[in-house]
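# Fold the stuff below for me.
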Amino acid sequence: MDVDGNNQTNLTNEPSTDIDHRWSPDGMQIAFENFRTFDNEIWVMDADGSHLTNLTDDPGADTSPSWRPEE
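A predicted model of the protein is given here:
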């Protein structure tokens, strides 16, 4: 997406909603919460939408992703 909000690109094409997006401190990845596995889990992907990875697998709701501050 451009700085002015134009040229937006859908990165996930998932029918369920991706929420609570958090950019990594270096701007290379996005962490977010999604219900795609019928349970709230935390996912991460590269900024271009590639390398989608499920980080959590827990029967409880995993919410509010955050990044550890850079050292």
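# Show me the strands in the chain, by range?
Using DSSP state E, the strands of the chain run over 18-23, 29-34, 41-46, 53-54.
# Touching the second one from outside, list them.
Outside strand 29-34, the residues that touch it by C-beta atoms under 8 Å, 6 or more residues apart in numbering are 11, 14, 16-24, 40-47, 55, 62-67. C-beta here means a position set from N, CA and C on the backbone, and glycine is covered the same way.
# how about JSON lines for the strands of the chain, with mean neighbour count added?
Converted to JSON lines, the strands of the chain look like this (neighbours: other C-beta atoms under 10 Å):
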{"stretch": "strand 18-23", "mean neighbour count": "14"}
{"stretch": "strand 29-34", "mean neighbour count": "19"}
{"stretch": "strand 41-46", "mean neighbour count": "18"}
{"stretch": "strand 53-54", "mean neighbour count": "12"}
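# Distance check, Gln29 against Pro59.
26 Å (C-beta to C-beta, to the nearest Å).
# again, but for Met1
On the measure of C-beta to C-beta, Met1 and Pro59 end up 35 Å apart.
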